[in-house]
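S.K.: fold the following and give me the result.
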Amino acid sequence: MSEPRVSLELIEDFLAQKRIAMIGVSHDPKDFSVLLFTEFSRRGYEIFPVNPKFDEVAGRPCFPRVQHIHPAVDGAILMTSPAVTEAVVRDCKEAGVRRIWMYRAAGQGAVSEKAVEFCRAQGMQVIPGQCPFMFWQDAGFGHRLHGFVRKITGSYPKRFHGVAA
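M.R.: Okay, the predicted model is just below:
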């Protein structure tokens, strides 16, 4: 599956939000999702773990579904398998979450074509793929290298002057 184009403005808008749910975050402190969760927290985000399998993640109460977070979050990062992403975006719609980031670094990540189509049909902003670390200027060398490689291969998001592609 090819990654749909997404504007840099859409990514900047998502990262400007401060109440974010991370859906599918692991309980394993060595898992990348926990590293990303911790980084969002370190950067001042109010980040909410969502995973029906756990009561807590990284010392924070974990919610079974995004609908259980009140007041609603401004965005959701999906660290789910593509098989459950479609159900999760429907949960987000029900909860009033209008910004969705389907995480992907390598492989398919959380991206599901049906889920992307659903989000767009519902007027939800969707980032199908990408890793947030690439868009933080002070991220580590490996993340900056990942972004650089994507730039030279033409797969790094571009500015569209407020219009998502």
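
S.K.: pull out the buried positions in stretch 10-28.
M.R.: Buried residues in stretch 10-28, counting neighbours by 16 or more other Cβ atoms under 10 Å, are found at 10-11, 13-15, 20-27. (Each C-beta comes from the backbone N, C-alpha and C, glycine too.)

S.K.: what distance separates the start and the end of it?
M.R.: Stretch 10-28 has its terminal residues 30 Å apart, counting by Cα to Cα, to the nearest Å.

S.K.: so which of the buried residues of stretch 10-28 sit within helices?
M.R.: Among the buried residues of stretch 10-28, the ones falling in helices (DSSP state H) are 10-11, 13-15.

S.K.: could you dump the residues you listed into a markdown table with pLDDT and distance to F118 added?
M.R.: Formatted as a markdown table, those follow (pLDDT from 0 to 100; distance: Cβ to Cβ, whole Å):
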| residue | pLDDT | distance to F118 |
| --- | --- | --- |
| L10 | 90 | 17 |
| I11 | 89 | 20 |
| D13 | 94 | 20 |
| F14 | 95 | 18 |
| L15 | 94 | 23 |
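
S.K.: which helices and strands sit right next to the lengthiest helix in the chain?
M.R.: Using DSSP H to define each element, the chain has its longest helix at helix 82-95. Counting contacts by 3 or more Cβ pairs under 8 Å, 6 or more residues apart in numbering; DSSP states H and E, helix 82-95 packs against strand 75-78, strand 99-102, helix 113-121.

S.K.: what's the spacing between L8 and V111?
M.R.: Per Cβ to Cβ, to the nearest Å, L8 is found 18 Å from V111.

S.K.: quick check: end-to-end length of stretch 61-73?
M.R.: Taking Cα to Cα, stretch 61-73 runs 15 Å from one end to the other.

S.K.: spatially central residue for the protein, please.
M.R.: I77 (2.6 Å; Cα atoms, centre = their mean).

S.K.: quick one on the thing from earlier: and which of the buried residues of stretch 10-28 is nearest R120?
M.R.: L10 (11.8 Å; Cβ to Cβ).

S.K.: could you list the low-pLDDT ranges of this structure?
M.R.: 1-5, 105-108, 135-165 (pLDDT under 70).

S.K.: in it, which spans are strands?
M.R.: 19-23, 46-50, 56-57, 60-61, 75-78, 99-102, 125-128 (DSSP state E).
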